[in-house]
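J.: Below is the structure, and that's it, no one-letter string:
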């Protein structure tokens, strides 16, 4: 998959949980186009883990990996065509931002999952783990994003053997 450097979009959004106040500048950003295929979800996780390792952010890998799985899965499940995943790092305020763009303008809706439901908890997990998150319509669909507080150089990936 080809990667290209991108900047954060400054377009205002319809936020589900507001971002912090104050301007942020992304020092680093990278973006990938993911094909509409189930294998794109594990590919997205690998891309994120690899990029976090490059940025020496392995301590943030578990939450990022889980949330990326959720937003990419939803984009692939509920829309047609490829999706674009963008990671931006803002070291000044310790923020990692992930944006997933797709071609469907329908914004995500939280729902109450029943105990035996296999799905319906993704936005709840994002709300629990993300520093902030939201979504907004674009000219060609929508972007769903989340931000995580990152800890540069903070230890190993927690999935390591103990």
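T.: Nice, I can see it. On a predicted model such as this, the values are computed, not experimentally measured, just so you know. Numbering: from 1, shown residues only.
J.: all strands of the protein, in order?
T.: Ranges of strands within the chain are 3-4, 14-17, 28-34, 83-90, 95-102, 132-138, 141-149, based on DSSP state E.
J.: Give me the distance between residue 55 and residue 147.
T.: Spatial separation of residue 55 from residue 147 under the definition C-beta to C-beta, to the nearest Å is 15 Å. Where C-beta positions appear, they are placed from N, C-alpha and C, glycine not excepted.
J.: Can you give me the buried ones in the longest helix seen in the chain?
T.: Longest helix in the chain, counting residues (DSSP state H): helix 61-78. Buried positions in helix 61-78, judged by neighbour count with 16 or more other C-beta atoms under 10 Å: 61, 63-65, 67-76.
J.: Quick one: the residues you listed as JSON lines, columns for distance to residue 125 and pLDDT too.
T.: Compiled in JSON lines, these are given as follows (distance: C-beta to C-beta, whole Å; pLDDT from 0 to 100):
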{"residue": "61", "distance to residue 125": "16", "pLDDT": "91"}
{"residue": "63", "distance to residue 125": "9", "pLDDT": "94"}
{"residue": "64", "distance to residue 125": "12", "pLDDT": "95"}
{"residue": "65", "distance to residue 125": "12", "pLDDT": "95"}
{"residue": "67", "distance to residue 125": "7", "pLDDT": "96"}
{"residue": "68", "distance to residue 125": "12", "pLDDT": "97"}
{"residue": "69", "distance to residue 125": "10", "pLDDT": "95"}
{"residue": "70", "distance to residue 125": "6", "pLDDT": "93"}
{"residue": "71", "distance to residue 125": "10", "pLDDT": "95"}
{"residue": "72", "distance to residue 125": "14", "pLDDT": "95"}
{"residue": "73", "distance to residue 125": "12", "pLDDT": "93"}
{"residue": "74", "distance to residue 125": "11", "pLDDT": "91"}
{"residue": "75", "distance to residue 125": "16", "pLDDT": "93"}
{"residue": "76", "distance to residue 125": "17", "pLDDT": "93"}
